[in-house]
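**Student:** model this:
(2 chains)
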There are 2 protein chains.
Amino acid sequence: MKSFTELLVEKAQESKSIVCMGIDPVVKRIPLKEQSSEKKIVKFFSEIIEAAVSNNSVPVAVKPNYAFFAQNGFSGLRALKKVIVIAKSHKIPVILDAKRGDIGSSSEAYAREAFGFWKADAVTVSPYMGIDSIEPFLRYCSKGKGVYLLVRTSNKGASDFQDLSAEGKKVYMHVAGKLLDSHIEGLGAVAGATSPGELAEISSFFANSGKQVPLLIPGVGTQGGLANEVADVLRRNGSLAMHRINSSSSINYAYEKQQTDDFAGAAIRAIKEINSEIGEI
Amino acid sequence: MKSFTELLVEKAQESKSIVCMGIDPVVKRIPLKEQSSEKKIVKFFSEIIEAAVSNNSVPVAVKPNYAFFAQNGFSGLRALKKVIVIAKSHKIPVILDAKRGDIGSSSEAYAREAFGFWKADAVTVSPYMGIDSIEPFLRYCSKGKGVYLLVRTSNKGASDFQDLSAEGKKVYMHVAGKLLDSHIEGLGAVAGATSPGELAEISSFFANSGKQVPLLIPGVGTQGGLANEVADVLRRNGSLAMHRINSSSSINYAYEKQQTDDFAGAAIRAIKEINSEIGEI
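**Tutor:** Numbering: from 1, shown residues only, chains lettered A, B, ... in the order given. Predicted coordinates for the structure are as follows:
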């Protein structure tokens, strides 16, 4: 069976892209007249995905953000299910951004939720509770699933605990180290685009280990990270193909900045722009 | 408006108890013939809650574990909604154990999910992404809601990152410190019963600050924590009333150990047993 990492590489080579489109539904920013939140969200994102597919600028992963769906209650959760089905029908890898993590039996249940119920291809998990809290997710890697462990996040407060110096290195480098200790194919890391120094450190640390650790890099676009800078960092440490650079609202709501009603066209232009900033894969 | 901390104290004084009943639905352990998972879960836990209420040994909080519901998909999520409604109809505080945490706008959405959609009275949140990732939850404290930040968890892997020595103290004490810096009424902490030494350190640290930090203490029962030991620790640092000692599966599935079909009666006996181990409030 193909591993999640192999799937990432294959998709990137096929489409010459490593752009992941985050899916952050904000109902009031969706310019559609559908009655329910569910219908608005599903129509908006399925039009973007389908336009991208027929335009040959398909994102090579989508990252639905659980929070943005769940804030709309059952209506949002039903929309999440449908958006995942649509993405998968086009063979786009789905990374469920849910930042799960709990003690063993609860993490087992979260893993069943992510992979069994939502049918995500990969899920983001949080390291605070320790490696035993992510092991239940890792058991799915042999079935072609992926797991992204938060290492260094893209928000300002990331420095509060992740950047503490502990026993000779930063806490996030302890997380990176433990990640390598438990590494199996399909286990990747989240490292934000907003801190290129830390990203470079993490990227070269993994590259030097000789292990394949796909990076999921959020923070490009609205949060201020620069795709070309990120691509340069990745390029210094090997091939880009297994990594993903994510942008969410600057793709989703590109129509606002581009002052057009054609939200799908605007999203595609935004994806293409990031592709060209990244350059050759 | 009553703060969440005041609600906790009031309930404890009313019922002479600080036991929180975790709600961890495992469908195959529910001895009921209902067809759907949803109906099984709802009937099982509503019978336990209602028997407890009429028996005057009502838990003074319930802690539904999101993972255990979500693993059953929409059926489980509908059950979660109903179980919360039932608990609230008996005025039992509901702590949604979801360990949420993300960057600002996503945490805002998670806070809307927990308080706006699920109508929980409190939610557990994870600190790895920093204090800005929990601020959106704290805005609800002035509306009577509670937030429990993970400080030291009850699992073995807690030592991986929480116990690292960083700049003069353990990482979990950095979390405890930042919690105090941002403290407002309604903000509490999770500290596991399985590490009495760390629990004592955290408990006295908060007590010495003069601030009211309600502790949510999981790990009693199946995980091996001892209620009397925990109560002794809390008693040394002030009144017990704002704190909660949680036990989940050893209450939920007490009927298995007690070898009876009367699962509600067995759960009540298990609650009473923990109450008597804790002693006077």
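**Student:** residues touching the spatially closest residue to A:Lys178 that is not a sequence neighbour, list them.
**Tutor:** The shortest distance from A:Lys178 to any non-neighbouring residue, by C-beta to C-beta, 6 or more residues apart in numbering or on different chains, is to A:Ile131 (5.3 Å). Backbone N, C-alpha and C define where each C-beta goes, glycine included. For A:Ile131, the contact set (C-beta atoms under 8 Å, 6 or more residues apart in numbering or on different chains) comprises A:178, A:181-182, B:157, B:160.
**Student:** ok, 6 Å please
**Tutor:** Counting by C-beta atoms under 6 Å, 6 or more residues apart in numbering or on different chains, A:Ile131 touches A:178, A:182, B:157, B:160.
**Student:** which single residue of the stretch 1-150 of chain A ends up nearest chain B?
**Tutor:** A:Gly130 (2.4 Å; C-beta to the nearest C-beta).
**Student:** that residue: how many residues sit nearby?
**Tutor:** By the criterion of other C-beta atoms under 10 Å in any protein chain shown, A:Gly130 has 21 neighbours.
**Student:** so what pLDDT did A:Asn55 get?
**Tutor:** pLDDT recorded at A:Asn55 is 85.
**Student:** tell me if I'm right that it and A:Arg269 touch.
**Tutor:** No. Using C-beta atoms under 6 Å, A:Asn55 makes no contact with A:Arg269, being 9.8 Å away.
**Student:** three-state assignment of the residue nearest to A:Lys170 when sequence neighbours are not counted?
**Tutor:** Counting by C-beta to C-beta, 6+ apart, A:Lys170 lies nearest to A:Asp163, which is 5.5 Å off, once chain neighbours are set aside. Assigned state for A:Asp163: coil (three-state reduction, DSSP: H, G, I helix; E, B strand; the rest coil).
**Student:** got the phi/psi numbers for A:Asp163?
**Tutor:** With angles defined as degrees, to the nearest 10, A:Asp163 sits at phi -90, psi 0.
**Student:** how close does it sit to A:Gly197?
**Tutor:** 11 Å (C-beta to C-beta, to the nearest Å).
**Student:** swap in A:Met21?
**Tutor:** With C-beta to C-beta as the criterion, A:Met21 and A:Gly197 are 26 Å apart.
**Student:** again, but for A:Met173
**Tutor:** A:Met173 sits 12 Å away from A:Gly197, going by C-beta to C-beta.
**Student:** neighbour-wise, which of these two wins?
**Tutor:** Between A:Met173 and A:Gly197, counted using other C-beta under 10 Å, the more crowded position is A:Met173 (20 against 9).
**Student:** element containing that one?
**Tutor:** Using DSSP states H and E, A:Met173 falls within helix A:171-181.
**Student:** buried sites along that helix?
**Tutor:** By 16 or more other C-beta atoms under 10 Å in any protein chain shown, the buried positions in helix A:171-181 come out as A:171-176, A:178-179.
**Student:** now do stretch A:195-210
**Tutor:** Residues of stretch A:195-210 classed as buried by neighbour count (16+ other C-beta under 10 Å): A:195-196, A:198-203, A:205-207.
**Student:** need the per-residue pLDDT for the residue of the stretch 1-150 of chain A closest to chain B.
**Tutor:** 97.
**Student:** and the closest residue to it other than its chain neighbours, how many residues sit next to it?
**Tutor:** Nearest non-adjacent residue to A:Gly130, counting by C-beta to C-beta, 6+ apart: B:Gly157, 2.4 Å away. Using other C-beta under 10 Å, B:Gly157 is surrounded by 21 other residues.
**Student:** in space, what's closest to A:Asp121 - neighbours in sequence excluded?
**Tutor:** Spatial nearest neighbour of A:Asp121, excluding adjacent residues (C-beta to C-beta, 6+ apart): A:Pro93 at 4.6 Å.
**Student:** element containing the residue nearest to A:Ala227 when sequence neighbours are not counted?
**Tutor:** Distance criterion C-beta to C-beta, 6+ apart; nearest residue to A:Ala227, sequence neighbours excluded, is A:Glu277 at 4.0 Å. Secondary-structure assignment from DSSP H and E places A:Glu277 in helix A:263-278.
**Student:** now for that helix, which elements pack on it?
**Tutor:** strand A:19-23, helix A:37-54, helix A:227-236, helix A:249-252, helix A:254-257 (3 or more C-beta pairs under 6 Å, 6 or more residues apart in numbering or on different chains; DSSP states H and E).
**Student:** and the next helix or strand past the third one?
**Tutor:** Right, the one you point to is helix A:227-236. strand A:244-247.
**Student:** report all helices and strands that that following strand contacts.
**Tutor:** Strand A:244-247 packs on strand A:19-23, going by 3+ C-beta pairs under 6 Å, 6+ apart.
**Student:** tell me the contacts of A:His182?
**Tutor:** For residue A:182 the amino acid is Ser, not His. Here A:Ser182 is in contact with A:Ile131 (criterion: C-beta under 6 Å, 6+ apart).
**Student:** so who does A:Leu216 touch?
**Tutor:** Going by C-beta under 6 Å, 6+ apart, A:Leu216 touches A:148, A:190, A:244.
**Student:** whoops, A:Arg244 was the one
**Tutor:** The contact partners of A:Arg244, by C-beta under 6 Å, 6+ apart, come to A:18, A:20, A:61, A:216.
**Student:** ok, now with 10 Å
**Tutor:** A:Arg244 makes contact with A:8, A:11-12, A:17-21, A:59-61, A:63, A:93, A:95, A:122, A:148, A:188, A:214-218, according to C-beta atoms under 10 Å, 6 or more residues apart in numbering or on different chains.
**Student:** isn't A:Leu234 right next to A:Ile278, touching?
**Tutor:** Yes. If you go by C-beta atoms under 10 Å, A:Leu234 and A:Ile278 touch, sitting 8.8 Å apart.
**Student:** got the phi and psi for the residue in the stretch 151-281 of chain A that chain B sits nearest to?
**Tutor:** As assessed by C-beta to the nearest C-beta, chain B sits closest to A:Gly157 within the stretch 151-281 of chain A, at 2.4 Å. The phi/psi pair for A:Gly157 (degrees, to the nearest 10) reads phi -70, psi -10.
**Student:** and the gap between it and B:Glu14?
**Tutor:** 38 Å.
**Student:** what ranges do the strands span in the stretch 51-200 of chain A?
**Tutor:** Secondary structure of the stretch 51-200 of chain A by DSSP state E, counting those that start in this stretch: the strands cover A:62-64, A:95-100, A:122-125, A:146-152, A:165-166, A:169-170, A:187-191.
**Student:** could you dump those to JSON lines with distance to B:Gly101 and mean neighbour count?
**Tutor:** As requested, those are exported to JSON lines (distance: least, C-beta to C-beta, whole Å; neighbours: other C-beta atoms under 10 Å in any protein chain shown):
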{"stretch": "strand A:62-64", "distance to B:Gly101": "17", "mean neighbour count": "27"}
{"stretch": "strand A:95-100", "distance to B:Gly101": "6", "mean neighbour count": "27"}
{"stretch": "strand A:122-125", "distance to B:Gly101": "11", "mean neighbour count": "28"}
{"stretch": "strand A:146-152", "distance to B:Gly101": "9", "mean neighbour count": "27"}
{"stretch": "strand A:165-166", "distance to B:Gly101": "20", "mean neighbour count": "16"}
{"stretch": "strand A:169-170", "distance to B:Gly101": "19", "mean neighbour count": "16"}
{"stretch": "strand A:187-191", "distance to B:Gly101": "13", "mean neighbour count": "27"}
